[in-house]
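Visitor: sharing a sequence plus its predicted fold:
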Amino acid sequence: MMSQIGHWISGVEVYSKSSRSGKVFDPALGQPVAEVGFANQAEIDAAIAAAKAAFPAWKSTTLAKRQQVMFRFRELLENNKSELAQIITREHGKVLSDALGEITRGQEVVEFACGAPQLLKGEYSENASTNVDVYSLKQPLGVVGIISPFNFPAMVPMWFFPVAISAGNTVVLKPSEKDPSAAMWLARLWKEAGLPDGVFNVLHGDKEAVDGLLNHPDVASISFVGSTPIAQYIYETAARNGKRVQALGGAKNHMLVLPDADLDLVADSAVNAGFGSAGERCMAISVVVAVEPVADELISKISSRMSQIRVGDGRRSCDMGPLVTKEHRDKVASYISIAEQDGASIVVDGRKVNPDGDANGFWLGPTLIDKVPLSSKVYREEIFGPVLSVVRVSSYEEGLQLINSGAFGNGTAIFTNDGGAARKFQNEVEVGMIGINVPIPVPVAYFSFGGWKHSLFGDSRAHGEEGFRFFTQTKVVTSRWLDPSHGGINLGFPQN
C-alpha cells in the first residue's frame, strides 16, 4: 500500500478528505511511491484560517525571538540536509549531489534571513519641522501564499518563506503535487525549531488549491515560480484581487561565445549548465550562440564531454537522473523530432540513452542539436529538459540582437577573455541575470533573483532586500509632543 501525504495545518499533518488525489512517482523506477490528497475548499479555508489565527501573536513576537527560531531552523537544516536530499532524489529524480546543492542554495536565504533585524529597521528624522519628528516602521503583511514548482522542491520555497517568516508573516505553501514530501519535511523541521503552530502551513493540490489562494480575501500576497503562461495567470488573478505578487516565469537562456573564449571552459560550462538536473532549471543554458568560426570546434568539445555523462538512478554514482514524469519526458523528447523535421542536425540524440537504472524510469539522455532554425519551436519555446541547441552567428552584434529579440529575459551568459566586450554585453543585453564566464548566474541570497520581460510578472524579485520590501509594508509616523506651555489656535497650514 502506498503511503499517504497529508496537508500540514497548524502544526499537524491532516489527511485530505477530498475525493481527488494524485500519485507521486519515483522517476528512476517509473513507479508510484505515495499518494497525495488534493485540497478541497474546506481544507483550503482551514489552512488559511490557521495562518490568519497565528498571525497576531507572530507579528508581536520580538525580532530577537524570531531570529532565535530562524537560527535553530538553520542548524537543524544543516545537520539533516542529507535526509532531505534523499527525499528530493526519490520524488524528483535529480542526483543526490544536485539535491544537496539545491538545499545549500536555499540555506543561503535562511542565513540571510537570520539578519532580519538589520533589514527591518525603519528611518528616523528628528525635528523635521519645529518639534516634529518623522519616522517609518516596517510591518508584516499577514498571511502570504507561496506556490512553488517541481524542479526545486526545497530551494524555491526557501527563496520566500525564510524572508516572509522572519519579517513576521504567516505562510501557506502550495508545493508541486509531483514532489510534495520535501515541503512536509521542512514543515516538521520548523516545528522542531520552535516555530509556533500555524505560522507555516502546507496545502497540497492542483489548480483548485492555487485558485483558492489567489482568490481568498485573507491572503495578502502571492509568490510563484513556474512557466510563463501560469505566471501571467497568477499575476493577473492575484493582482485583480488586490494582492501583492511575485511571479517568476519561464526562460530561454542563451550563452554567447566569442571567438577569443576558452573553448574548453565553454564546453564544460555548456554541459554543466545544459544538463544539470536533466535541464529542468529555469536558469539552464538551452541555446549556445557561437560567433564563427568557433562552432565546429566547440560542438566537437561539447559532444566529447557528453559521451562521458552517466545517466541513471540519482542514488547511484550517476551524473544525470531521469525527468520528473513520463508525460514530461515524452514532451521534451518530442522537441527532438521537431528539430529533425525543421532541418536541424541532431549531433547527440538523448532518445538512444542506455541508463544505469530501471527500464521503467523516465529516461532521456543529453541531447545536442546544431543549426537550429530560429523559426523552429525548438529555438523559440522553453523545453525544460536536457536539450542543448547551437545557433551560429557571424558577430557579437548579431548574437546580442538574437538574445534581445527573444520573449524571455531571465538569464544569459557571455564567454570571452575581452573585458571590454564583457562590459559592453552587460550594459546592452536585455536580461535580468547575467554571467560573465559564469554559465548559471543565480545571484547569492543577499542580491535578488528575477528576470526581465516575460520571465517576471509582479512587484518584485525574490529574496535579497527586494524580498524584505515585498513581505513588509511601511508606515510613516509624524509625531509632535507639545510643550505644556504651548497654547492657542492657528487654522493655517502647518509651516516650519
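Guide: On my side now, so go ahead. Note that the structure is predicted; figures quoted are calculated from it, not measured. Residues are numbered from 1 along each chain as shown.
Visitor: give me the contact list for the one helix or strand residue 270 maps to.
Guide: According to DSSP states H and E, residue 270 maps onto helix 263-275. The contact list for helix 263-275 (Cβ atoms under 8 Å, 6 or more residues apart in numbering) reads 255, 257, 283-286, 288, 294, 297-298, 301-302, 304-306, 309, 319-320, 366, 386, 388, 413, 415, 437-440. For the C-beta atoms, the positions are set from N, CA and C on the backbone; glycine is no exception.
Visitor: restricted to helices, list those.
Guide: Secondary structure assignment by DSSP state H places 297, 298, 301, 302, 304, 305, 306 of the contacts of helix 263-275 in helices.
Visitor: just to check, the fourth one is in contact with residue 388?
Guide: What it means is residue 302. Yes. Between residue 302 and residue 388 there is a contact at 7.4 Å, judged by Cβ atoms under 8 Å.
Visitor: the two - which one has more neighbours?
Guide: residue 388 (28 against 25; other Cβ atoms under 10 Å).
Visitor: who's that one bridged to?
Guide: residue 368 (DSSP bridges).
Visitor: that older thread, now which of the contacts of helix 263-275 would you call buried?
Guide: Applying 16 or more other Cβ atoms under 10 Å to the contacts of helix 263-275, the neighbour count classes 255, 257, 283-286, 288, 294, 298, 301-302, 305-306, 309, 319-320, 366, 386, 388, 413, 415, 439-440 as buried.
Visitor: now, which of those residues lie within strands?
Guide: Judged by DSSP state E, the buried ones among the contacts of helix 263-275 include 255, 257, 285, 286, 288, 388, 413, 415 as members of strands.
Visitor: could you list the low-pLDDT ranges of the stretch 101-250 of the chain?
Guide: The model of the stretch 101-250 of the chain has no residue with pLDDT under 70.
Visitor: quick check: residue 25 is in a strand.
Guide: Yes. Assessed with DSSP: H, G, I helix; E, B strand; the rest coil, residue 25 lies in a strand.
Visitor: among the ones in helices among the contacts of helix 263-275, which pair sits farthest apart?
Guide: Spatial extent of these (Cβ to Cβ) is set by the pair 297 and 306 at 15.2 Å.
Visitor: roughly how far apart are residue 15 and residue 451?
Guide: Distance from residue 15 to residue 451, counting by Cβ to Cβ, to the nearest Å: 38 Å.
Visitor: so between those two, which is more surrounded?
Guide: residue 451 (24 against 11).
Visitor: quick one on the thing from earlier: out of the ones in strands among the buried ones among the contacts of helix 263-275, who's nearest residue 42?
Guide: Nearest member of those to residue 42, counting by Cβ to Cβ, is residue 286, at 41.9 Å.
Visitor: right, and that closest one touches residue 389 too?
Guide: Yes. Using Cβ under 8 Å, residue 286 is in contact with residue 389, at 6.4 Å.
Visitor: surely residue 390 meets residue 373?
Guide: No. Counting by Cβ under 8 Å, residue 373 is not a contact partner of residue 390; they are 11.9 Å apart.
Visitor: give me the common contacts of these two.
Guide: By Cβ under 8 Å, 6+ apart, no residue touches both residue 390 and residue 373.
Visitor: all good on my end, thank you.
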